[in-house]
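**Student:** got a structure for you, letters missing:
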């Protein structure tokens, strides 16, 4: 628990939050709580540089920064002290994606850097953003969708899909209450500034992933004199609304599918699916049509669409995907649905976790309502028809269907931040060219807008790369920048670490049998 700050008026009330003295509880690797360290000195924890213990604390921040004397929320923190105190250069704050925490790394995210060169010179600071984890949670009631899960829903299903989202928004409103209006990116950035002040730091350095990268860009725009080095990994596009972010995921997935189809078409001798990407995808659609004809429900066809999008993103599964399509082609030609079920048994469906328990975290819905959404359902219906044709793979149509924003029950108290860089150093953007969730163009645009260096991960479907994807080239560039301040040269690329399968391409038609291609 933290010592409550004194409550004074206006600006003094806000400043008082930065004077909190959190009581840090030390935990050993085995999870045992150690002595509290109310002064934050490290005494009772083995001192700085142990590298094995993590300190935990909570602080309080205003629920509504426009009313600092009103209700408060709790923010849960973690700290891993720099292992080389003589070289310590400050604190490094890390925020992972979502919005909503990506199932809860939160305070534990900095543990991914533990023991490395970044840990030598920074205190690693993690926190559960407001609404998530062990911070004050924002809840939503669970609603179970009534519309069937369908990767290519017919027009007749549109009304039921919209009704599911209307009920979902009402469930968010019932459980979220007044707190929901104050779960926003700008407030998370303000919470970060309170954390900075509580830690006694003039500036912070930062690593953010996906939505967390956006949080970092907003923090730098709002508090430019309080940000030092920053790494934005897997960026959302700074010029797109949340609806546009969703829509562009369809294109991002399709780019991976087209790459897979091109690779597979160069290996017709192995897969038998045709000699070019158009022929390969024509076979996929042939199988789709047969599944629709032979099945009473869309389940198998939906599983196939999911497999094509998801496995095309993972280069290591390209051969597996080609063989799956070939096997389904053979099975559907024979009318063998048992074989089809067997081939698709491991493929899961995707939808928000929304089917168990009474309550769930409702941060995703709250954050994505920072932007206005169309209220006219026909706008969604037109996009769904388009996506049904162009982006069925990887459940692209789900990105186009109505979201809770179409039925929003509150208006955000303030406009989203206009992203700028005016007063803090140029940083680093890391973006995989095949990221299926945050389109590559988002990283290009973010780097261009902020004047940051763009580090491209080539031929990669990775999402969230530094220290999480096992890419030593990326890790080396990021760590050199964070520790020594050296950015990679403009245009630097790193290869992805997930290799394409070792299946030789077909020999050109004019090469005699037995003669290696290129001889």
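**Tutor:** That came through, no problem. Model, not experiment: these values are computed from the prediction. Numbering: from 1, shown residues only.
**Student:** give the residue spans of the stretch 101-250 of the chain that score low on pLDDT.
**Tutor:** Low-confidence segments of the stretch 101-250 of the chain, defined by pLDDT under 70, span residues 101-104.
**Student:** which parts of it are strands?
**Tutor:** 122-128, 139-141, 204-209, 227-233 (DSSP state E, counting those that start in this stretch).
**Student:** now render those strands as JSON lines, adding distance to residue 61 and mean neighbour count.
**Tutor:** Glycine gets a C-beta too; all of them are placed from N, C-alpha and C. Putting the strands of the stretch 101-250 of the chain into JSON lines (distance: least, CB to CB, whole Å; neighbours: other CB atoms under 10 Å) gives the following:
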{"stretch": "strand 122-128", "distance to residue 61": "11", "mean neighbour count": "26"}
{"stretch": "strand 139-141", "distance to residue 61": "19", "mean neighbour count": "21"}
{"stretch": "strand 204-209", "distance to residue 61": "16", "mean neighbour count": "27"}
{"stretch": "strand 227-233", "distance to residue 61": "19", "mean neighbour count": "27"}
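**Student:** format these as TSV; extra columns: distance to residue 442.
**Tutor:** Shown next, in TSV, are the strands of the stretch 101-250 of the chain (distance: least, CB to CB, whole Å):
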stretch	distance to residue 442
strand 122-128	24
strand 139-141	27
strand 204-209	13
strand 227-233	10
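**Student:** which one of those strands lies closest to residue 279?
**Tutor:** Using CB to CB as the criterion, the shortest distance between residue 279 and the strands of the stretch 101-250 of the chain is 36.9 Å, found for strand 227-233.
**Student:** after the least confident helix or strand in the chain by mean pLDDT, next one along is what?
**Tutor:** Lowest on mean pLDDT, DSSP states H and E among the helices and strands of the chain sits strand 33-37, with a mean of 56. Sequence order places strand 54-62 as the next helix or strand after strand 33-37, per DSSP states H and E.
**Student:** which residues does that following strand contact?
**Tutor:** In this structure, residues lying in contact with strand 54-62 by CB atoms under 8 Å, 6 or more residues apart in numbering are 1-2, 4-5, 14, 17, 20, 22-27, 37, 45, 68, 70-81, 107, 111, 130, 134-135, 190-191, 194-195, 198.
**Student:** let me see the contact set for the closest residue to residue 375 other than its chain neighbours.
**Tutor:** With sequence-adjacent residues excluded and distances taken as CB to CB, 6 or more residues apart in numbering, residue 375 is closest to residue 406, at 6.1 Å. With contact set as CB under 8 Å, 6+ apart, residue 406 has these partners: 162, 165-166, 373-375, 377, 380.
**Student:** and residue 171, by the same measure?
**Tutor:** Residue 171 neighbours (CB under 8 Å, 6+ apart): 140-143.
**Student:** ok, now residue 312?
**Tutor:** Taking CB under 8 Å, 6+ apart as the contact definition, residue 312 lies against 253, 256-257, 259-261, 318, 321, 393-394, 461.
**Student:** what's the per-residue pLDDT of residue 422 here?
**Tutor:** According to the predicted model, the pLDDT of residue 422 comes to 97.
**Student:** quick revisit: buried subset of the contacts of residue 406 as a PyMOL selection?
**Tutor:** Here is the PyMOL command that selects only those of the contacts of residue 406 that count as buried (16 or more other CB atoms under 10 Å):
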select buried, resi 162+165+373+377+380
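**Student:** which of the contacts of residue 406 sits closest to residue 120?
**Tutor:** Proximity to residue 120 was ranked across the contacts of residue 406 by CB to CB; first place goes to residue 373, at 45.4 Å.
**Student:** chain neighbours aside, what residue packs nearest to that closest one?
**Tutor:** Take residue 373 and drop its neighbours on the chain: the residue closest to it by CB to CB, 6+ apart is residue 405, 2.8 Å away.
**Student:** repeat that for residue 226.
**Tutor:** In space, residue 226 comes closest to residue 203 once its chain neighbours are excluded; the distance is 5.2 Å by CB to CB, 6+ apart.
**Student:** picking up where we left off before, ok, of the contacts of residue 406, which one's closest to residue 411?
**Tutor:** Each of those was scored against residue 411 by CB to CB, and residue 373 proved nearest at 11.3 Å.
**Student:** and the closest one, how close does it get to residue 465?
**Tutor:** Distance, residue 373 to residue 465, using CB to CB, to the nearest Å: 30 Å.
**Student:** can you check residue 367 too?
**Tutor:** In this view, residue 367 and residue 465 are 22 Å apart by CB to CB.
**Student:** and residue 299, by the same measure?
**Tutor:** For residue 299, the distance to residue 465 under the criterion CB to CB works out to 34 Å.
**Student:** out of these two, which sits in the more crowded spot?
**Tutor:** Under the neighbour definition other CB atoms under 10 Å, residue 299 and residue 465 were set side by side, and residue 465 has more, 26 against 17.
**Student:** need the contact list for residue 184.
**Tutor:** Contacts here follow CB under 8 Å, 6+ apart; on that basis residue 184 touches 366-367, 370, 412-414.
**Student:** show me those residues that map onto helices.
**Tutor:** Among the contacts of residue 184, the members falling in helices are 366-367 (criterion: DSSP state H).
**Student:** just the buried ones from the contacts of residue 184?
**Tutor:** Buried by 16+ other CB under 10 Å: 366-367, 370, 412, out of the contacts of residue 184.
**Student:** on that earlier part again, any chance of the contacts of residue 171 in a markdown table, plus distance to residue 305?
**Tutor:** Putting the contacts of residue 171 into a markdown table (distance: CB to CB, whole Å) gives the following:
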| residue | distance to residue 305 |
| --- | --- |
| 140 | 28 |
| 141 | 30 |
| 142 | 26 |
| 143 | 24 |
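**Student:** from the residues you listed, pick the one nearest residue 431.
**Tutor:** residue 140 (31.0 Å).
**Student:** not counting sequence-adjacent ones, nearest residue to that closest one?
**Tutor:** In space, not counting the residues next to it along the chain, residue 140 is nearest to residue 362; the distance is 3.1 Å by CB to CB, 6+ apart.
**Student:** residues in contact with that neighbour?
**Tutor:** Applying CB under 8 Å, 6+ apart, we find residue 362 in contact with 131, 138-140, 172, 175-176, 180.
**Student:** now residue 248
**Tutor:** Residues in contact with residue 248 (CB under 8 Å, 6+ apart) are 237, 240, 439, 441-442.
**Student:** can you flag which of those belong to helices?
**Tutor:** The subset of the contacts of residue 248 that ends up in helices is 441-442, with DSSP H as the criterion.
**Student:** how about CSV for the contacts of residue 248, with distance to residue 423 and neighbour count added?
**Tutor:** Converted to CSV, the contacts of residue 248 look like this (distance: CB to CB, whole Å; neighbours: other CB atoms under 10 Å):
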residue, distance to residue 423, neighbour count
237, 23, 20
240, 25, 17
439, 28, 27
441, 27, 16
442, 23, 27
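**Student:** with respect to residue 125, which of the contacts of residue 248 is nearest?
**Tutor:** residue 442 (25.8 Å).
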